[in-house]
Structure formats: C-alpha cells, structure tokens
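Trainee: Using only what follows, build the 3D model:
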Amino acid sequence: MATTTSTRIQPLKGVRVLSLSLNLPGPAALMRCWQMGASCVKLEPPAPAGSAPGASGDPMGMYNRTAFDVLHRGIRLLVADLKTDKGQRALQRELAKTDILLTSFRPSAMAKLGLEWKVLHKLYPRLSQVAIVGAPGSRAEEPGHDLTYLAENNLVNGLELPPTLYADMGGSLMTSEAVLQAALMQQHGKSYYLEVALSAAAAYLALPRTWGLTQTGAAVGGGHAGYRVYACKDGRVAVAALEPHFAKALCAAAKVRYINILTMLSAQTHQAIAAYLDGMTREALDSLARDKDIPLFTLPT
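Mentor: Prediction:
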C-alpha cells in the first residue's frame, strides 16, 4: 500500500522504551523512537541542589533548555535517584512494563547500579537493552566525547571545532536502528543486548574519507571543479554540479568548453569557474540555479 509523505509511519507503535540516557545521543535516539510511534519514558536523576524549580537532572536541560525541550517532546519524564533504594524501586516498577531499555553508562557504572545485562535478563526475560558506549569492547571504560571520536577518525581539521556533533547524532541514528532491530526480534519471542559505540558511529561517517572519496584532490575532495565551495561577489556558493549534465550546464554558464570528466579536473577549468562565480551575486546565482538546473546553494561570507 502506497503512503504519502504526510503519513506518519509508526513501526514502533505498541513498543515501550525506557531510557536512562542523558546528554545528547540517548535523548536524540529516544526522540526518534517517539517519532516512530514508541511509548517513551525517561528516568533522569534529580536536579542538583539549589537548582531552579522545574530544572532537569540531565545536563542538557541546564546548558541548553531549548534543545532539551525539543528532544523530550512527547516523552514522559520521571525523576529517580538510582543510587537510593527508593530510586531503584521506581526503576524496577518501570522495567516491569518496559520492552526495550536504553542506557548510556560505562559498564562499571551499570555494575554499581545493579544493571548488568545478565541480571536484567534474569529478572525480565522479555526485556531487550540497547547500550550506548563511547568505544566498544575493552575500550568501553575510556573517557571520550564526540570531539575525541571524530579526531581519532581524522574528521577534525586544524584548530576549528566541527560544525555539529557528528558522532553523537550518528550514534543516535544507530541507536534508534538498534531499537528497531530489538523490537523486530521481540516479535519472535527473543530478547537481546545490543551495543552502539559512538566511536563506531564516527568511523562509519568517516568511511568516504577512509576510502579516499573526500581526500584532498579527489573528485569530491576539491578535485572536480563542479564540486567545490567558491567565493562569489557578496558571499560564497556551494556548487555540486558533479554529474555530466550538471557539469555541462555549469561550464556553459562560465563559457568553458566541456569535453568530458577530464575537463572538470583541469586547473584551467577551476580557474575559469572561480573567476565567473566571483563576479556573480548570490541573487544572480540563485536565478542561475533555477533557470539552468544547476545544484548550488549560496551562503553569506
């Protein structure tokens, strides 16, 4: 049966997800699960003493409330200190009603809280767990964050910070995928422990670079004159005229004779297109994109 883009597909409808995860990857994954129809509950620690009324025990709620509110739209929030007997009782009540548990603690922290998989599986045979860790296997206790995982996968340039949190967000997608896998296997009466490593998410995002696709001088690493960021008269323009028909249209606009792919790799073509775009305004380039069907996007300086 065909669906329209306005139809909300809910493959996780009827699945109850309980999250103990804080900060970004876990809540972002939980947000995706809710968007796919899951009934989502988050158990978070109490806010620090002296916090304002309504404050969250999740650090995200303290340093970016806007992000916190978006991430938790539709999520039922509960508060419990898992280091206390009362908090543990609250957790056990929720686990008894849960299909999939989402965590993001180091293995040693899980052990201190009595939440090792063997223990959980014995108490709740139907429960599956998706555990977010920084790095897999023997590295699971290593401290790390998005920036360090990107750095180890050669995704940090110079002294500039990456423009977004790639490992965290990539890891959140892998986590929601793992929740889908667990929910699918539960339909067959099976429960699983699935681990998602943020370092593995960074490594997955880095595959095009690892393969050489985006290395300096490669086709999508600046070697192709139709796939670059250029200066224009009042800003910048990101050009993605990679396929031959797009490249031909760009060359025609810049008055460059297009022969074949080698045309786009030559220094002369780079120079000619750069000179042409440098004399164009963003408004003119936007019109060019519409009129000549060239994939480009203009940006301020």
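
Trainee: Now residue 74, what are its backbone angles?
Mentor: In terms of degrees, to the nearest 10, the main-chain angles of residue 74 are phi 80, psi 0.

Trainee: close enough to count as contact, it and residue 39?
Mentor: No: judged on C-beta atoms under 8 Å, residue 74 makes no contact with residue 39 at a distance of 9.5 Å. (Each C-beta comes from the backbone N, C-alpha and C, glycine too.)

Trainee: between these two, which one's more packed in?
Mentor: residue 39 (19 against 12; other C-beta atoms under 10 Å).

Trainee: OK, contacts around the residue lying closest to the more buried one once chain neighbours are set aside?
Mentor: Counting by C-beta to C-beta, 6 or more residues apart in numbering, residue 39 lies nearest to residue 16, which is 4.7 Å off, once chain neighbours are set aside. Going by C-beta atoms under 8 Å, 6 or more residues apart in numbering, residue 16 touches 38-41, 97-100.

Trainee: redo that, cut-off 10 Å
Mentor: 38-41, 94, 97-101 (C-beta atoms under 10 Å, 6 or more residues apart in numbering).

Trainee: and what of residue 294?
Mentor: By C-beta under 10 Å, 6+ apart, residue 294 lies in contact with 226, 239-241, 245-250, 252-253, 285, 288.

Trainee: now residue 211
Mentor: residue 218.

Trainee: That one and residue 205: what is the separation?
Mentor: Applying C-beta to C-beta, to the nearest Å, the value for residue 211 to residue 205 is 12 Å.

Trainee: try residue 118
Mentor: Residue 118 sits 32 Å away from residue 205, going by C-beta to C-beta.

Trainee: For this protein, just list every one of the strands.
Mentor: Assigned strands in the chain, in chain order: 16-19, 39-44, 76-79, 100-103, 128-133, 193-197, 227-232, 235-240, 296-299 (criterion: DSSP state E).

Trainee: Mind listing what's buried along the longest helix seen in the chain?
Mentor: Identified as the longest helix of the chain according to DSSP state H is helix 166-186. By neighbour count on 16 or more other C-beta atoms under 10 Å, the buried set for helix 166-186 is 166-176, 178-180, 182-183, 186.

Trainee: That helix packs against which elements?
Mentor: On a contact count with 3 or more C-beta pairs under 10 Å, 6 or more residues apart in numbering; DSSP states H and E, helix 166-186 meets strand 16-19, helix 25-35, strand 100-103, strand 128-133, helix 146-152, strand 193-197, helix 198-205.

Trainee: want to try TSV for those, with mean pLDDT and distance to residue 8 as columns?
Mentor: Below are the helices and strands packed on helix 166-186 laid out as TSV (pLDDT from 0 to 100; distance: least, C-beta to C-beta, whole Å):
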stretch	mean pLDDT	distance to residue 8
strand 16-19	98	17
helix 25-35	98	8
strand 100-103	98	20
strand 128-133	97	23
helix 146-152	97	30
strand 193-197	97	25
helix 198-205	98	26
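
Trainee: Need those in CSV (columns: distance to residue 90).
Mentor: Compiled in CSV, the helices and strands packed on helix 166-186 are given as follows (distance: least, C-beta to C-beta, whole Å):
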stretch, distance to residue 90
strand 16-19, 11
helix 25-35, 18
strand 100-103, 14
strand 128-133, 18
helix 146-152, 30
strand 193-197, 23
helix 198-205, 28
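
Trainee: Just the residues contacting the lowest-mean-pLDDT helix or strand in the chain, thanks.
Mentor: None of the helices or strands of the chain scores lower by mean pLDDT, DSSP states H and E than helix 59-63, at a mean of 91. The contact list for helix 59-63, computed with C-beta under 10 Å, 6+ apart, reads 22-24, 26-28, 44, 47-48, 51-52, 54-56, 66-69, 71-72, 77.

Trainee: Alright, I will stop here.
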